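1. Attaching a predicted model along with its sequence, questions to come.
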Amino acid sequence: MVDLSLLRESLEVVGSDGGHVGRVDRVHGDQIELARLDLGSGFKHHLIPTSWIAHVDAHVHLNVTKDEARARWTEKA
């Protein structure tokens, strides 16, 4: 279980392959909203589940690759 209190705005989110997925904008319950003003997010808000987090240090490391995250993230309405 990952300590969600370690998540903070602007932390880089990286896939299990080290690829840039985006940056944390905020946390909504069990979802991370990625910042819209980031090239990795396509300049749109996307949501990814916190269950994808492997660990948090200077970055948020996911247990899915960059491409898997982008294929499965949800665009915020």
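-> Everything's here; your move.
2. longest strand in the chain, by residue count?
-> Criterion DSSP state E: the longest strand present in the chain is strand 20-28.
3. Okay, buried residues for it please.
-> Neighbour counts using 16 or more other CB atoms under 10 Å place V21, G22, R23, V24, D25 of strand 20-28 among the buried residues. In this view, the C-beta of every residue, glycine as well, is placed from N, C-alpha and C.
4. cool, and stretch 61-70?
-> Buried residues in stretch 61-70, defined by neighbour count with 16+ other CB under 10 Å: H61, L62, V64, T65, K66, E68, A69, R70.
5. Which strand residues bridge the residue nearest in space to the middle of the chain?
-> The chain has V13 as the residue nearest its centroid, 4.6 Å off, counting by CA atoms, centre = their mean. In this entry, V13 is beta-bridged to G22, V60, by DSSP bridges.
6. Name the nearest of the buried residues of strand 20-28 relative to K44.
-> For the buried residues of strand 20-28, the closest approach to K44 (CB to CB) belongs to G22, at 10.0 Å.
7. Tell me the spacing between the closest one and M1.
-> G22 sits at a distance of 23 Å from M1 (criterion: CB to CB, to the nearest Å).
8. one step back: could you say what helices and strands the longest strand of the chain packs with?
-> For strand 20-28, the packing partners by 3 or more CB pairs under 8 Å, 6 or more residues apart in numbering; DSSP states H and E come out as strand 12-14, strand 31-34, strand 46-49, helix 66-72.
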